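S.K.: From the sequence below, what's the structure:
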Amino acid sequence: MEIKTRAKRCLALLLVAAFTGAMLAGCGQQGAGKESSGGEAAAGASTSQAQAQEKRTDYSGVKIEMLNTKSEIEDQLEAAAKEWGGLTGATLNVYTIGSGAPSTEISARYAAGNAPALIMGDIQDIVTCVKSGYARDLKDQSWAKNGGLTYGYNKDGNLYSFPLCIEGRGLLYNKTAIEKTLGRDWDPSETKSMDDLKKLFDELVKGGMETPVALNQEDWSLAAHYLTLVYEQQGEKLEDGEKYIRALADGSEKIEDNARFKSLFDTFDLLMQYNSNKEDPLAADYASNAADLA
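M.R.: Next up is the predicted model:
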């Protein structure tokens with residue numbers, strides 16, 4: 001059983017090498033930024049093997065599974081997978097999870113013996129997969145020199161991911177709906193403080209928008225995206241956040257005394273007051289919230 005398991009891991013790694021190289025060659029940079037997973041780094045293919053896979057043009061019979069964590073681009077990914085399959089002869093199956101941590105999904109699938117070859121995830125998911133021994137070193141891939149080594153996740157001289165996109169975090173708003181409710185033009189730059197934000201919410205409620213805010217309940221939204229701002233905004237450099245985390249760990253800092261922590265929770269308290277899911281926040285539905293915003 002152990003021999004079969006290791007053989008399966010090696011095969012998965014070779015397919016990853018083939019897929020990443022061929023996809024970049026066949027479809028360009030679009031849609032190519034997913035982390036490679038599905039095997040131990042020590043079991044990776046050699047450079048010569050990887051190069052041989054990249055030169056291959058016919059992948060008939062090859063089947064690859066990819067975990068997508070962005071439900072909003074599911075249709076586009078499936079269309080791209082179909083197009084790539086037509087160019088290469090391979091089959092790329094995309095399966096999507098709408099919520100939950102990708103690293104948790106990967107661990108469960110890995111334990112069951114059916115982990116995907118590729119995953120799309122945030123940096124914390126990649127780090128978790130690397131620590132668990134699920135990720136393959138990708139620095140021998142041809143695309144690595146085209147930004148992969150700079151923007152991918154590097155650890156101990158190994159490259160474990162390549163970038164897909166840059167995402168911003170903040171409050172999403174529907175300007176058309178706001179202006180329709182207010183009955184006037186609205187400039188987002190006029191909302192500069194908590195008082196301004198509360199005034200805007202009150203105006204919207206008075207204009208007929210009973211609940212101007214829709215908060216998600218998923219941990220990736222509230223914890224991974226919102227609360228990590230506490231650490232990310234301790235200074236202008238990455239090292240500033242790391243220094244603050246170490247200070248919390250050794251007890252020299254208390255998070256409840258931090259000005260950024262207080263401001264984020266003051267904002268969150270205000271958002272909760274006007275939340276459409278206030279009566280049952282844990283029942284909030286991501287898809288419904290997105291539809292309401294649109």
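
S.K.: Which positions within stretch 227-238 qualify as buried?
M.R.: Of all the residues in stretch 227-238, those buried under the rule 16 or more other Cβ atoms under 10 Å are 227, 230-231, 234. All C-beta atoms are positioned from the backbone trio N, CA, C, and that covers glycine.

S.K.: Keep only those of the residues you listed that are in strands.
M.R.: Among the buried residues of stretch 227-238, no residue falls in strands (DSSP state E).

S.K.: a markdown table for the residues you listed, including distance to Arg109 and pLDDT?
M.R.: Formatted as a markdown table, the buried residues of stretch 227-238 follow (distance: Cβ to Cβ, whole Å; pLDDT from 0 to 100):
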| residue | distance to Arg109 | pLDDT |
| --- | --- | --- |
| Leu227 | 27 | 90 |
| Val230 | 31 | 93 |
| Tyr231 | 29 | 92 |
| Gln234 | 35 | 94 |
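
S.K.: which residues sit in contact with Ile106?
M.R.: Residues near Ile106 by Cβ atoms under 8 Å, 6 or more residues apart in numbering: 37, 67, 115-116, 119, 125, 129, 132, 134.

S.K.: ranking the residues you listed by neighbours, who comes first?
M.R.: The residue in the contacts of Ile106 with the most neighbours, by other Cβ atoms under 10 Å, is Ser37 (31 neighbours).

S.K.: ok, Ser276 to Tyr160 distance?
M.R.: As for Ser276, its distance to Tyr160 is 39 Å (criterion: Cβ to Cβ, to the nearest Å).

S.K.: Where does the prediction get shaky in the protein?
M.R.: Along the chain, the model assigns pLDDT under 70 to residues 1-57, 98-101.

S.K.: those helices in it, which residues are they?
M.R.: With DSSP state H, the ranges of helices along the chain come out as 2-27, 47-55, 74-88, 102-111, 123-131, 148-151, 175-182, 194-206, 219, 229-232, 238-250, 259-273, 286-293.

S.K.: closest one to Lys139 among those helices?
M.R.: Across the helices of the chain, Lys139 has its closest neighbour in helix 148-151 (6.6 Å, Cβ to Cβ).

S.K.: Report the distance from that closest one to the chain centre.
M.R.: Chain-centre distance of helix 148-151: 17 Å, with Cα atoms, centre = their mean, to the nearest Å.

S.K.: what comes into contact with it?
M.R.: For helix 148-151, the external contacting residues (Cβ under 8 Å, 6+ apart) are 138-139, 141, 159, 162-163.

S.K.: Now that helix: buried residues?
M.R.: Those buried within helix 148-151 under the rule 16+ other Cβ under 10 Å are Gly148.

S.K.: Report the contact partners of Ile126.
M.R.: Neighbours of Ile126 in contact, by Cβ under 8 Å, 6+ apart: 35, 135, 153, 160-161.

S.K.: Would you point out the most distant pair within those residues?
M.R.: Greatest spatial distance among these (Cβ to Cβ): Ala135 and Tyr153, at 8.7 Å.

S.K.: Just want to know which of these two has more residues nearby.
M.R.: Ranked by neighbour count (other Cβ under 10 Å), Ala135 and Tyr153 place Ala135 first, with 30 against 20.

S.K.: Surely that one is in contact with Asp125?
M.R.: No - with contacts counted by Cβ atoms under 8 Å, Ala135 stays clear of Asp125, the gap being 10.4 Å.

S.K.: domain ranges for this protein?
M.R.: Following automatic domain parsing, one finds the domains of the chain at 2-159, 175-293.

S.K.: Name the stretch among those that sits most buried.
M.R.: domain 2-159 (a mean of 18; mean count of other Cβ atoms under 10 Å).

S.K.: now the helices of the chain in a markdown table, with distance to Gly168?
M.R.: A markdown table is the format used below for the helices of the chain (distance: least, Cβ to Cβ, whole Å):
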| stretch | distance to Gly168 |
| --- | --- |
| helix 2-27 | 25 |
| helix 47-55 | 34 |
| helix 74-88 | 20 |
| helix 102-111 | 20 |
| helix 123-131 | 15 |
| helix 148-151 | 16 |
| helix 175-182 | 16 |
| helix 194-206 | 18 |
| helix 219 | 20 |
| helix 229-232 | 12 |
| helix 238-250 | 17 |
| helix 259-273 | 16 |
| helix 286-293 | 16 |
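
S.K.: so which of those comes closest to Val94?
M.R.: helix 74-88 (5.0 Å).

S.K.: by contact count, what packs against the closest one?
M.R.: Judged by 3 or more Cβ pairs under 8 Å, 6 or more residues apart in numbering; DSSP states H and E, the packing partners of helix 74-88 are helix 2-27, strand 63-68, strand 91-96.
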